[in-house]
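Student: I'll drop the sequence and a predicted model, then ask my questions.
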Protein chains: 2
Amino acid sequence: MSDKVLLDYGSGGRASQRLISELFLKYLGNDELNRLNDAAELAMSGRLAMSTDSFVVDPIFFPGGNIGSLAVHGTVNDVAMMGAIPRHITCAYIIEEGLPMDDLEQIVAAMGKAAEEAGVTVVSGDTKVVPKGAVDKIFINTTGIGDIIVDPAPSGDAAKPGDAVLISGTVGDHGLTILGTREGLDFEARVESDSASLNHLLIKLVEGLPEVHVLRDPTRGGLATTLNEITSSSNVCCELIESDLPIKAEVKGGCSILGLDPLYLANEGKFLCILPQEHADKALEIMRADPLGAGACQIGTMTDANPGKVVLVTPLGGKRLLGMLEGEQLPRIC
Amino acid sequence: MSDKVLLDYGSGGRASQRLISELFLKYLGNDELNRLNDAAELAMSGRLAMSTDSFVVDPIFFPGGNIGSLAVHGTVNDVAMMGAIPRHITCAYIIEEGLPMDDLEQIVAAMGKAAEEAGVTVVSGDTKVVPKGAVDKIFINTTGIGDIIVDPAPSGDAAKPGDAVLISGTVGDHGLTILGTREGLDFEARVESDSASLNHLLIKLVEGLPEVHVLRDPTRGGLATTLNEITSSSNVCCELIESDLPIKAEVKGGCSILGLDPLYLANEGKFLCILPQEHADKALEIMRADPLGAGACQIGTMTDANPGKVVLVTPLGGKRLLGMLEGEQLPRIC
């Protein structure tokens, strides 16, 4: 194969077949994908979760991952947030003519590794190569399905006054890493994306607890925006205790230099868990027993004070409204 | 909303929500999508078909459709080729900052109409807006799932010597239309894309016949490449009768001017049906009773002469090998 991706590789003809067999099947292959039919045949039953996401992150390689691993983590997490075991994903690549083949191989290899760790199989794929300038390097869509194992499934409209609001760890890491890498900034301490598949931890959580109201990963728009979506769908108020919010010192520092608010920065390996206060300790215990939830803590409570609002309680007891993200803080963050 | 798509609309924040509620839900909304969870909850069971495709067609509007309708047709068809009833699709948009909002609305409206006609619901979506120059106007991924209703499902490796090779109508229409529109060519007679959802016809076909070995839509790479894939997977030889190949006069004419071979041009509303010769008449009867199969005919036979090869029998009785598409005839055709 050429050392760069050529338009021919997206033709659907012989060159496409070579790319599929020598690269995609090498890292992603399994019995179903290897059949190369128009669609995959899957045995599933009951209540399924299905979610799609396109990944356009810039740069495509960053500390803590690359666009390939991120594309698997992101969709696995969205499926898992429904209280589901992710089973299968599809991968569709849009590649700019001229992308170094080594880059593509590194990305596909990372997807294969991430899929294996998450326990999902890649069952259907698509590759388009577009002329130089029609896309910036590579964009990847992944769509996932899984088996929902809790009834009712956690949902953004199911938060109740009195619920505890837990987060699985520090916020802002991914967003600051992407921005820092893109701009070539050299922070004093190394910051890394938190990109990871959360499904194994989430399953332990829903299986270990009698009731979970909401699971949600605060990706684009960050913690503040995600909580606003939830308070709005559930018609409750979220009171956040500012001093309880876990933010790494280096993320706080980087944000203050750049004028960013970590509460609005994307996370790719964290989740919010909202559930009755009486189960909060048990939930934290389960989360902290897993490396991906080691920094889990309670950051607030749902109340019925100001339905649809997120209120930040400052260390001095003041209250400040945390709105949704207005405008675009960071394009191409995921 | 602005008359152009702004970066803000892809932020995940308030502007994104406005775009979702005022545009996407308007045309694509349903109970499941309206919940705006990270993933959709679906009740499905048994053998499912799942397929993904990204659409990067240039131009985004063309005679016979636009990138939105094409994105629905393409994935609906890939699911249906498994002998499945398509049920749900996901839609993920990657939009270039500055795309006229009217264009986006026209595209999303076409998707809504195409989904309704095909009988599928849009259950999950994603919208990314990237800075000017990072993508050419708009790319769309759709991923579909459906219920497989035949056992075994038709498969590219299931063709047998003695099978009849049927096509549902003329070939080359889509490919020539896209190229002609892109290059601003004015053909004497108007050529139109055949883009359409074939699922309703395919279901009549698999329900009306005791046995269908292969169903496949000859998209990228065209009829010749698709048949090569099938003969290679099934280890059979396909003998095509050149004089039986249905090609519109205007497509033949346009291709000869441009030096293109219609057998290698993409189709988006046609399918190959390969089945025992004894069922061919019945299959043609079912196909011709539907407007989408009005031009159906037998174009060849599978033999065991040259396994893996496609042979074209010319009107004078000569034989010529039809290889796979080599190189890229037409980038961004779908």
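Tutor: Everything's here; your move. Numbers count the residues shown, from 1 in each chain, chains lettered A, B, ... in the order given.

Student: Ramachandran coordinates for A:Gly10?
Tutor: Backbone torsions for A:Gly10, taken as degrees, to the nearest 10, come to phi -110, psi 10.

Student: Just confirm it contacts A:Ser16, I think it does.
Tutor: Yes. In this structure, A:Gly10 is within contact of A:Ser16 by C-beta atoms under 8 Å, at 6.3 Å. The way it works is simple: take the backbone N, C-alpha and C, and place the C-beta from them, glycine included.

Student: Between the two, point out the one with more neighbours.
Tutor: For A:Gly10 and A:Ser16, the more surrounded residue by other C-beta atoms under 10 Å in any protein chain shown is A:Gly10, and the numbers stand at 26 against 23.

Student: and the nearest residue to that one once chain neighbours are set aside, what does it touch?
Tutor: Leaving aside its chain neighbours, A:Gly10 sits nearest to A:Val129 (3.0 Å; criterion: C-beta to C-beta, 6 or more residues apart in numbering or on different chains). Residues in contact with A:Val129, defined by C-beta atoms under 8 Å, 6 or more residues apart in numbering or on different chains, are A:5-11, A:95-97, B:328, B:331.

Student: Same question for A:Gly133.
Tutor: Going by C-beta under 8 Å, 6+ apart, A:Gly133 touches A:96, B:133, B:136.

Student: Kindly report the same for A:Leu42.
Tutor: A:32, A:87-88, A:123, A:145, B:47-50.

Student: of those, closest to A:Gly208?
Tutor: Nearest to A:Gly208 among the contacts of A:Leu42 is A:Arg87, at 21.2 Å by C-beta to C-beta.

Student: Report whether that closest one is found in a strand, as I expect.
Tutor: Yes. The assignment for A:Arg87 by DSSP: H, G, I helix; E, B strand; the rest coil puts it in a strand.

Student: which residues touch it?
Tutor: A:42, A:44, A:120-121, A:144-147.

Student: A:Leu198 now?
Tutor: A:73, A:76-77, A:80, A:168, A:217, A:269-271, A:292.

Student: Helices - which of these land there?
Tutor: A:73, A:76-77, A:80 (DSSP state H).

Student: Quick check: of these, which lies closest to B:Leu322?
Tutor: Closest to B:Leu322, out of all of those and judged by C-beta to C-beta, is A:Val76, at 42.1 Å.

Student: residue contacts, that closest one?
Tutor: By C-beta under 8 Å, 6+ apart, the neighbours of A:Val76 are A:86, A:89, A:114, A:118, A:120, A:144, A:197-199.

Student: now the strands for the stretch 51-200 of chain A?
Tutor: All strands of the stretch 51-200 of chain A, identified by DSSP state E, counting those that start in this stretch, fall at A:61-62, A:65-66, A:84-96, A:121-130, A:138-148, A:163-167.

Student: quick one: which of these is nearest A:Ile20?
Tutor: strand A:121-130 (7.2 Å).

Student: any idea of the angle that closest one forms with strand B:138-148?
Tutor: On the basis of axes from the mean of the first three to the mean of the last three C-alpha atoms, to 10 degrees, strand A:121-130 is oriented at 150 degrees to strand B:138-148.

Student: can you give me the helices in the stretch 101-250 of chain A?
Tutor: Assigned by DSSP state H, counting those that start in this stretch, the helices in the stretch 101-250 of chain A fall at A:101-118, A:173-182, A:199-208, A:222-234, A:249-258.
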